[in-house]
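Peer 1: Whatever this is, show me its structure:
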Amino acid sequence: GNCLRLLLRRSQEAKNWAYCPYSRFPVGAALLTAGGEIFSGCNVENACYSLGVCAERTAIQKAISEGHTSFRAMAIASDMGDNFIAPCGACRQVMREFGTDWDIYLTKADGTYIVKRLEELLPLSFGPEHLKK
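Peer 2: Take a look at the predicted model:
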């Protein structure tokens, strides 16, 4: 409904803020909290390539830093025309820290999307509950 449309739009808007002078591959993400707030993020690259951070992790870190740890959905946007943008493995693991039962909307540049549960994107995963004694 309206909430999903807003989440998708916010991910596309965030993509426009991407700092990606090296890859020229802008990505935006928008994260919906359990309380209904949206935190957006973009990729932020660095001349020391390994210090760059993905849009998905930027959005999660913004939300966490403002007290949110329960998430319902994330939308991810890029300029890829032929493929749905998918999160990298590192982002999948960071997302998984906050549960496996939430929805990830993978979009194309034209706004079409597919939705996957995080558990589908990272099956047989390792998470916080495995560290509890």
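
Peer 1: Contact partners for residue 15?
Peer 2: By Cβ atoms under 8 Å, 6 or more residues apart in numbering, the contact set of residue 15 is 26-28, 42, 55, 77-79. Every residue, glycine included, has its C-beta placed from N, CA and C.

Peer 1: and those residues as a markdown table, adding pLDDT and distance to residue 117?
Peer 2: A markdown table is the format used below for the contacts of residue 15 (pLDDT from 0 to 100; distance: Cβ to Cβ, whole Å):
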| residue | pLDDT | distance to residue 117 |
| --- | --- | --- |
| 26 | 98 | 26 |
| 27 | 98 | 21 |
| 28 | 98 | 21 |
| 42 | 98 | 24 |
| 55 | 98 | 20 |
| 77 | 98 | 19 |
| 78 | 98 | 21 |
| 79 | 97 | 25 |
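
Peer 1: what's the closest of those to residue 12?
Peer 2: Nearest to residue 12 out of the contacts of residue 15 is residue 77 (Cβ to Cβ; 4.6 Å).

Peer 1: how many neighbours does the residue nearest to that closest one when sequence neighbours are not counted have?
Peer 2: Computed as Cβ to Cβ, 6 or more residues apart in numbering, the closest residue to residue 77 that is not its neighbour in sequence is residue 11, at 4.1 Å. Applying other Cβ atoms under 10 Å, we find 31 residues neighbouring residue 11.

Peer 1: Show me which residues of the helix or strand containing residue 11 are buried.
Peer 2: If you go by DSSP states H and E, residue 11 is part of helix 2-15. Within helix 2-15, the residues that count as buried by 16 or more other Cβ atoms under 10 Å are 7-12, 14-15.
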